[in-house]
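J.: any chance you could fold what I've pasted below:
(one chain, ligands or ions: 1)
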Amino acid sequence: MAFLGKTVLITGATGNVGSSAVKEFLEQGANVIATSRSKSSLEKLTSKLQEISVPTEKLIPIVVDISNDQELSKIADQIRDKTLPEIDHVISSSGPWWKYDHLYDVTFEQWNEVMSANVNPHFITYRNFIPFLLNKPGSSYTLVTGASGLVDVIGNIPSGITGISQCVLFGISRVARFETKDNAVRFNELLIGFRIEDDATYKKYISEGKFSESSDIVTTSWKFGSIFLSIAKDNNVKGEVIKIMSTTEKDDFEKVHKFK
Ligand SMILES: NC(=O)c1ccc[n+]([C@@H]2O[C@H](COP(=O)([O-])OP(=O)(O)OC[C@H]3O[C@@H](n4cnc5c(N)ncnc54)[C@H](OP(=O)(O)O)[C@@H]3O)[C@@H](O)[C@H]2O)c1
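T.: Numbering: from 1, shown residues only. Sure, this is the predicted structure:
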C-alpha cells in the first residue's frame, strides 16, 4: 500500500497505457481520479478491474473531454473547492495512433483532429494541474509520449502525423522539465517504444502467433503500469526522459527505482 492516502489524476484512463496506471495505483491504496469522455468506457474499465480483483472503491471516474480547456478547468475548480481530493501525482496519457501514408495527403481537418487528440489534452492538463503540484514535496507529474516521434517509420507503418504530434510533446516535456527544475514537483517524460495492448487484444495476438509470450516488444496493460509507481515514488527521478523500448528495459528501470 505504498500510495495510501495519496491521490493520482490519470488522463486517458481508459486507454491501454492509462488503464495500466489506474490498476497499479488502486492496488497500492491511492485514490484515482480517472478521466474519459465516455461514461460507458469508465464503467467498462471498472468492470475489467473488478474481474481481476482490483479494489475499485477509491476509483473516482470523471466524464470530461480533456481536449476542452473549459471542461478540464472545472475539474481543477472541484479540487480547489475540495469536492475532489487534493492531488499528489498526475499521469498525462492520451492520444491514439493515426495512420496516413503521406503528410501531403493529410487534410487540414485531419491535422486539427490529430493535434486535438494527441497534443492539446497534454497542454490543457499541464496548465490546469501543475499549479497544484509545483510546491508540493513528494509530488510528481508524468507525461507519456511515444517513440513514433523519434523515427519516420515504425515497422512498415509511416509514423507521419502521429510522429509529429509526439515531437510537439517532446517540446512540451522539454519546457516543463526546465521550468519546474527548481520546484518540488518531479516532472518526467515516459517515452514508450514498444506495444502495450489491452488484455484481450494481447491474448488474441499470442493465440494468432503474431507475438510469442516471451516477446520483449509487446505486453499487456495489466503488466505495464508498475513503472508509474517507480516514477511517482522515487525522489531521485526528476527532470528525466525515461526511454523504455522493451519489457526488459522496463524491468531494469523498476529494479533500480523500487517503489517500496
Ligand atoms: N499503447 C502503446 O502501445 C503505446 C506505445 C507507445 C507510446 N504510447 C503512448 O501512450 C499514450 C496513450 O496511448 P494509449 O495506447 O493508451 O492510447 P489509447 O488506448 O488509444 O487511448 C487513448 C486515450 O486518449 C483519449 N483520447 C483519444 N482521442 C481523444 C480526443 N480527441 N480528445 C480527448 N481524449 C482523447 C481516449 O479517451 P476517451 O476515453 O475519452 O476516449 C483514450 O483514453 C500516447 O501518448 C501514446 O503515444 C502508447
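J.: I'd like to know how far the closest residue to residue 95 other than its chain neighbours sits from residue 250.
T.: Spatial nearest neighbour of residue 95, excluding adjacent residues (Cβ to Cβ, 6 or more residues apart in numbering): residue 118 at 3.5 Å. (Each C-beta comes from the backbone N, C-alpha and C, glycine too.) Note on residue 118: its distance to residue 250, by Cβ to Cβ, to the nearest Å, is 23 Å.
J.: again, but for residue 100
T.: 30 Å.
J.: so which residue is smack in the middle of the chain?
T.: Centroid-nearest residue in the chain, with Cα atoms, centre = their mean: residue 93, separated by 2.8 Å.
J.: quick one: buried residues of stretch 98-115?
T.: For stretch 98-115, a neighbour-count test (16 or more other Cβ atoms under 10 Å) marks 98, 100, 106, 114-115 as buried.
J.: low-scoring pLDDT stretches of the stretch 101-250 of the chain, where are they?
T.: 156 (pLDDT under 70).
J.: show me the contacts for the residue in it positioned nearest to the ligand.
T.: Nearest residue of the stretch 101-250 of the chain to the ligand (Cβ to the nearest ligand atom) works out as residue 146 at 2.9 Å. By Cβ atoms under 8 Å, 6 or more residues apart in numbering, residue 146 lies in contact with 162, 166, 191-193.
J.: who in the stretch 1-150 of the chain is up against the ligand?
T.: Residues of the stretch 1-150 of the chain lying near the ligand by Cβ under 6 Å from any ligand atom: 12, 14-18, 36-38, 41, 65-67, 93-96, 116-117, 121, 144-146.
J.: buried subset of these?
T.: 12, 14-18, 36, 41, 65-67, 93-95, 117, 121, 144-146.
J.: narrow those to those in strands?
T.: Counting by DSSP state E, these place 36, 144-146 in strands.
J.: can you redo the residues you listed as a markdown table with distance to residue 208?
T.: Compiled in a markdown table, these are given as follows (distance: Cβ to Cβ, whole Å):
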| residue | distance to residue 208 |
| --- | --- |
| 36 | 29 |
| 144 | 27 |
| 145 | 29 |
| 146 | 24 |
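J.: now for whichever residue of the chain sits closest to the ligand: which residues touch it?
T.: Nearest residue of the chain to the ligand (Cβ to the nearest ligand atom) works out as residue 15 at 2.4 Å. Shown in contact with residue 15 (Cβ under 8 Å, 6+ apart): 93-94, 96.
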